[in-house]
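Asks: Structure, please.
(chains A and B)
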Amino acid sequence: MDIFSAGFLNYLIALATMSSIYAVLCLGLNLQWGFAGLFNAGIAAFFAIGAYTAAILTTPESPNYLGGFGVPIVLAWPIAMMVAGAVAWAIGRICLRLQGDYLAMATIGIAEVIRLVIKNEEWLTAGTRGIPNIARPFQDLPAPWNAVAFLGLVVALVLVIYWAAERAWASPWGRALRAIRDSDVAAAAIGKNVTQFRVEAFVLGAMVMALAGALSAHYFKFLGTSATEPMMVTFLVWVMLIVGGSGNNRGAILGAALIWVIWSATELLTNRLPGEWITRTSYIRVLLIGVILQVVLQRFARGLVPERPPRMIDDEAKTR
Amino acid sequence: MQALSDFINLYLLPGLVVGCIYALGAIGISLLFGILRFAHFAHGDMMTLGAYLAVIFTASLGWSPYWALPIAVVGTAIAALGLDRAFYKPFRRSPGIVTVIASFGVMLMLRSAIQLIWGVDVKTYDIGIRFPMEFGMLKIAPRQVTIVLVTVALVVALHLFLSRTRLGKAMRAVSDDPDLARVSGINVEQVVRWTWIIGAGLAAAGGVFIGIQTKVHPSMGWDLLLPLFAAAVLGGIGRPYGAVAGGLAIGLCQELATYPWFSDDPFIAPGYKPAVAFSVMVIMLIWRPTGLFRGRVF
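Replies: Numbers count the residues shown, from 1 in each chain, chains lettered A, B, ... in the order given. This is a model prediction of the structure:
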């Protein structure tokens, strides 16, 4: 096999692009779980809100769904993030004063309601027919360069979010969140507004997840109900963060890349199984990823890149 | 008159039957949350497992699902003990939310294992066509009567167990205060085992009832999860009787919400039934997180 063939190169670019989109999701979840200890079982919901908002705002007019706003992408993505943030704010205000399990139940509910809206409100989302013709940035460039340029954009966004998350990790805000995560009673006793901090982390995380949704919609140029398969996105992102190391932004990125490569590689392997098994391969893959999650949870709970206390920004300045 | 009999036959009775099924699942979620302190995400898929275990006997041996029911209950209880041992027991001393993540993984693993073994096609129990019994304007299917009666019998048995037996009392003690229960010499691990047996057994019964009422498919557990959580929160966490009331209330709410109350169209489109359960849960979390029966809030 010629490893420099165009097909293989395209495959690598696609692999890297998807890994990066998942890295965005993972960094968003790390803001919620790694920073603040908030269990979000509805990642797919915020992903879908971002994807559909961006798609509806940017696509040309169509009788099948609400479209034709002609909003440029640079404006549509922030709007998509704000819509997801508003939903997260509403659900956070209600659930975040209670223990994490209630948030988990409520986010399952949000994911289910968003799924039902996408399926049933065809005037808005085109239902199962899906939204075609979503413009991908740089799509007018010649063949390999359009994909490379889009990959560059996604990687740049990952780096920006990573940088911001690292700053947040070292900041007083991040320290307060870790204190609340480790003992909300103690944090409340020293005067931190526990609910307020949690809502902030939850909303910010949801906004980052919405950005990943928008990126994915514009990457595939098509958005249908299968793109937001409720549990697959949520499950994969959780496994990525736990394996990579929750509470560590580098771990989040590493986990996303590693699990996505495993996920894609198992697709290549399981496709070689004998005929009658081929229809069931996706379930073998889910089972395998599930086993990885359980093993890591029980044996290497801290993940590949464990959480570290931040280097203080002040110290950094002194050593210079 | 026609309108009233339609209301009873097409909305009220189905709501009651669905409510019974939700109650059977919600009891387990509520008990497990009270005793092991975590929201068990794989509970809906335990119902799926029960329904599929019954499929083995109805499909290959031609049994009636009612005969397969006890075997499905026992099989699911054994499976629950195994899952607890492998995936939940290592986290007994960890914060509850880690166990939630583990149960989230178990949920996906159970579902994919079921899809792997039985495939993704919809299955039905072959119970033949039985004509509904008519009482004046009431039309009641025999299976509806059986489901309600068996649920009542199971709830009464659970009540006797919790109030009369040593183990049942120990279970309530652990639910109220696990540390106090431990120092007073209660074998907490034994209580945990029986919680799994009861929770999973009742869930399996509920799963088989869904198969009898409609059909069996791999994602039925996922569809059940939201109403079950809503029922457990509505009844109050750690309150098994509350879970029964919560299950019935959610089932009735979901069905009655689709009745054309104010115009000729359904009040809530049938596609949004799970959203009704979600709304009830959110309202309870705002207004009274302890639930109707003054359960615990963690």
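Asks: For the stretch 51-200 of chain A, which residues are neighbours of chain B?
Replies: Taking CB under 8 Å from any CB of the partner chain as the criterion, the stretch 51-200 of chain A approaches chain B at residues A:94-95, A:98-102, A:104-106, A:108-110, A:112-113, A:116, A:119-120. (Each C-beta comes from the backbone N, C-alpha and C, glycine too.)
Asks: residue ranges with poor pLDDT in the stretch 151-300 of chain A?
Replies: Applying pLDDT under 70 to the stretch 151-300 of chain A picks out residues A:226-230, A:275-276.
Asks: The stretch 1-150 of chain B now?
Replies: B:1, B:128-129.
Asks: Tell me where it has strands.
Replies: Counting by DSSP state E, counting those that start in this stretch, the stretch 1-150 of chain B has strands at residues B:133-135, B:138-140.
Asks: for those, which one ends up most surrounded?
Replies: Comparing the strands of the stretch 1-150 of chain B by mean neighbour count (mean count of other CB atoms under 10 Å in any protein chain shown), strand B:138-140 ranks first with a mean of 15.
Asks: so what does that one touch, helix or strand wise?
Replies: Contacts defined by 3 or more CB pairs under 8 Å, 6 or more residues apart in numbering or on different chains; DSSP states H and E place strand B:138-140 against strand B:133-135.
Asks: quick one on the thing from earlier: okay if I get the strands of the stretch 1-150 of chain B as CSV plus distance to residue B:177?
Replies: Supplementary listing: these in CSV, determined by distance: least, CB to CB, whole Å:
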stretch, distance to residue B:177
strand B:133-135, 49
strand B:138-140, 45
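Asks: Among those strands, which comes closest to residue B:264?
Replies: strand B:138-140 (22.5 Å; CB to CB).
Asks: Helix, strand, or coil at residue A:33?
Replies: helix (DSSP: H, G, I helix; E, B strand; the rest coil).
Asks: On the pLDDT front, check it for me.
Replies: pLDDT recorded at residue A:33 is 94.
Asks: what does residue B:226 give?
Replies: On the pLDDT scale, residue B:226 is placed at 92.
Asks: so how many other residues sit close to it?
Replies: 25 (other CB atoms under 10 Å in any protein chain shown).
Asks: Kindly report the same for residue B:149.
Replies: Burial of residue B:149 is recorded as 11 neighbouring residues (other CB under 10 Å).
Asks: what does residue B:106 give?
Replies: Residue B:106, neighbours per other CB under 10 Å, totals 25.
Asks: Same question for residue A:67.
Replies: That count, for residue A:67 with other CB under 10 Å as the rule, works out to 20.
Asks: Hmm, residue A:60 and it touching each other?
Replies: Yes - Residue A:67 lies in contact with residue A:60 (CB atoms under 8 Å); the separation is 6.5 Å.
Asks: Next to chain A, which bits of the stretch 101-250 of chain B? Give me the list.
Replies: Near chain A, when you scan the stretch 101-250 of chain B using CB under 8 Å from any CB, you find B:101-102, B:104-109, B:111-113, B:115-116, B:119, B:222, B:225-226, B:229-230, B:233.
Asks: now the residues you listed: which count as buried?
Replies: By neighbour count, with 16 or more other CB atoms under 10 Å in any protein chain shown, these hold B:101-102, B:104-109, B:111-113, B:115-116, B:222, B:225-226, B:229-230, B:233 as buried.
Asks: Filter those residues down to the ones in helices?
Replies: Secondary structure from DSSP state H places B:101-102, B:104-109, B:111-113, B:115-116, B:222, B:225-226, B:229-230, B:233 of those in helices.
Asks: And for residue B:90, nearest residue in space, chain neighbours not counted?
Replies: Excluding the flanking residues, the one nearest residue B:90 by CB to CB, 6 or more residues apart in numbering or on different chains is residue A:298, at 5.0 Å.
Asks: For the strand or helix carrying that neighbour, output the C-alpha coordinates as PDB.
Replies: Assessed by DSSP states H and E, residue A:298 sits inside helix A:281-299. Extracted as PDB, the C-alpha positions of helix A:281-299 are listed here (Å, rounded to 0.1, in the frame of the first residue of the first chain):
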ATOM      1  CA  THR A 281     -20.200  -4.800  14.000                       C
ATOM      2  CA  SER A 282     -21.200  -1.400  15.400                       C
ATOM      3  CA  TYR A 283     -22.500  -3.100  18.600                       C
ATOM      4  CA  ILE A 284     -19.200  -4.900  19.000                       C
ATOM      5  CA  ARG A 285     -17.500  -1.500  18.800                       C
ATOM      6  CA  VAL A 286     -19.700   0.000  21.400                       C
ATOM      7  CA  LEU A 287     -19.200  -3.000  23.700                       C
ATOM      8  CA  LEU A 288     -15.400  -2.600  23.200                       C
ATOM      9  CA  ILE A 289     -15.400   1.100  24.000                       C
ATOM     10  CA  GLY A 290     -17.600   0.300  27.000                       C
ATOM     11  CA  VAL A 291     -15.100  -2.200  28.300                       C
ATOM     12  CA  ILE A 292     -12.300   0.400  27.900                       C
ATOM     13  CA  LEU A 293     -14.300   2.900  29.900                       C
ATOM     14  CA  GLN A 294     -14.900   0.400  32.800                       C
ATOM     15  CA  VAL A 295     -11.300  -0.700  32.900                       C
ATOM     16  CA  VAL A 296     -10.000   2.800  32.900                       C
ATOM     17  CA  LEU A 297     -12.500   3.900  35.600                       C
ATOM     18  CA  GLN A 298     -11.600   1.000  37.900                       C
ATOM     19  CA  ARG A 299      -7.800   0.700  37.300                       C
END
